[in-house]
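Colleague: Sharing a model prediction with you, sequence too.
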Amino acid sequence: MKHDPIASGKRKSVNLSLDTGVVAAAREAGINLSQVSEAALRKAAKEERDRRWREENREWAESVNRWVEENGLPLERYRLF
């Protein structure tokens, strides 16, 4: 099983305000609001964490890319493809 760095394994009750039509449609479809909400929040948190990492490390990544363009890949002569 893959480790989820966001999940704690503990549950916390929270209050959400959702459009009544959305709630009714989800219940009619048999959708578990807690599971879907948690999955959407997990995805949004991961995307934001990744976006921040890319922004914080943009300069480093650009410098590595420039170095590879100028010098080629290290150990490239040993590649089999």
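Modeller: Alright, I've got the coordinates.
Colleague: mean confidence score for stretch 29-49?
Modeller: For stretch 29-49, mean pLDDT is 96.
Colleague: and the longest helix anywhere in the chain, what does it pack onto?
Modeller: Counting residues, the longest helix found in the chain (DSSP state H) is helix 33-56. Packing contacts for helix 33-56, counted by 3 or more C-beta pairs under 8 Å, 6 or more residues apart in numbering; DSSP states H and E, involve helix 20-28. Just so you know, the C-beta spots here come from the backbone N, C-alpha and C atoms, and that holds for glycine as well.
Colleague: And for the helix it packs on, what's in contact with it?
Modeller: Defining contact as C-beta atoms under 8 Å, 6 or more residues apart in numbering, one finds that helix 20-28 is touched by Leu33, Val36.
Colleague: starting at the chain centroid, how far to it?
Modeller: 27 Å (C-alpha atoms, centre = their mean, to the nearest Å).
Colleague: how big is the angle separating it from helix 33-56?
Modeller: Angle, helix 20-28 to helix 33-56, by axes from the mean of the first three to the mean of the last three C-alpha atoms, to 10 degrees: 120 degrees.
Colleague: circling back to that earlier point, ok, and what's touching the longest helix of the chain?
Modeller: So helix 33-56 is in contact with Asp4, Ile6, Ala7, Leu16, Leu18, Val23, Ala26, Arg27, Ala61, going by C-beta under 8 Å, 6+ apart.
Colleague: who's in contact with the first one?
Modeller: Residues near Asp4 by C-beta under 8 Å, 6+ apart: Arg42.
Colleague: Where does it sit, in terms of helix or strand?
Modeller: Per DSSP states H and E: Asp4 is located in neither a helix nor a strand.
Colleague: roughly how far apart are the residue nearest to Leu18 when sequence neighbours are not counted and Trp60?
Modeller: What sits nearest to Leu18 in space, not counting adjacent residues and going by C-beta to C-beta, 6 or more residues apart in numbering, is Leu33, at 7.6 Å. For Leu33, the distance to Trp60 (C-beta to C-beta, to the nearest Å) stands at 41 Å.
Colleague: before we move on, what about Glu28?
Modeller: Counting by C-beta to C-beta, the gap from Glu28 to Trp60 is 49 Å.
Colleague: Same question for Leu41.
Modeller: Look at Leu41 and Trp60: by C-beta to C-beta, they are 29 Å apart.
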